[in-house]
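# sequence plus predicted model, see below.
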Amino acid sequence: QVQLVESGGGLVQAGGSLRLSCAASGRTISTYNMGWFRQAPGKEPEFVAGISWSGGSTYYLDSVKGRFTISRGNAKNTVYLQMNSLSPEDTAIYYCATVRRVGSSWSRGDYWGQGTQVTVSS
């Protein structure tokens with residue numbers, strides 16, 4: 001079992017930055033592909049960013065490319081999402097999760113956290 005706990009969310013003005021962290025416990029996540037999802041009120045969840053177990057491959061939703069950066073610190077059993085140039089459209093609950101990757105397809109795996117709220121004011 002893997003337990004994932006997100007932190008770092010909050011209220012920020014448009015153009016600002018936040019760094020989300022996802023701390024894993026229970027077992028190491030060094031062999032898992034990891035990712036961040038978000039869900040805004042009334043909308044379907046969307047896959048925002050993913051990183052392979054080695055850190056050698058990443059994926060970004062088109063709307064966040066160039067603004068968000070996913071990284072991982074396997075020694076610390078943690079995954080990060082650096083979010084810059086935030087806009088109100090980024091407002092959502094952000095979830096960390098293990099991710100399945102088949103070719104260029106990424107999908108949520110078996111473990112995910114409770115989420116952290118990100119609110120961007122205009």
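Yep, it's here.
# CA atoms for contacts and neighbours, from now on please.
Will do.
# run the chain-centre distance for the strand ranked longest in the chain.
If you go by DSSP state E, the chain has its longest strand at strand 92-102. Computed by C-alpha atoms, centre = their mean, to the nearest Å, the chain-centroid distance of strand 92-102 equals 6 Å.
# enumerate every residue touching G26.
1-3 (C-alpha atoms under 8 Å, 6 or more residues apart in numbering).
# so among those residues, where is pLDDT lowest?
Lowest in pLDDT among the contacts of G26 is Q1, which has 91.
# for the closest residue to that one other than its chain neighbours, what are phi and psi?
Among residues not flanking Q1 along the chain, G26 sits closest, at 5.9 Å (C-alpha to C-alpha, 6 or more residues apart in numbering). When read as degrees, to the nearest 10, the backbone of G26 gives phi 100, psi -50.
# mind checking the end-to-end distance for stretch 49-56?
Stretch 49-56 has an end-to-end distance of 14 Å (criterion: C-alpha to C-alpha, to the nearest Å).
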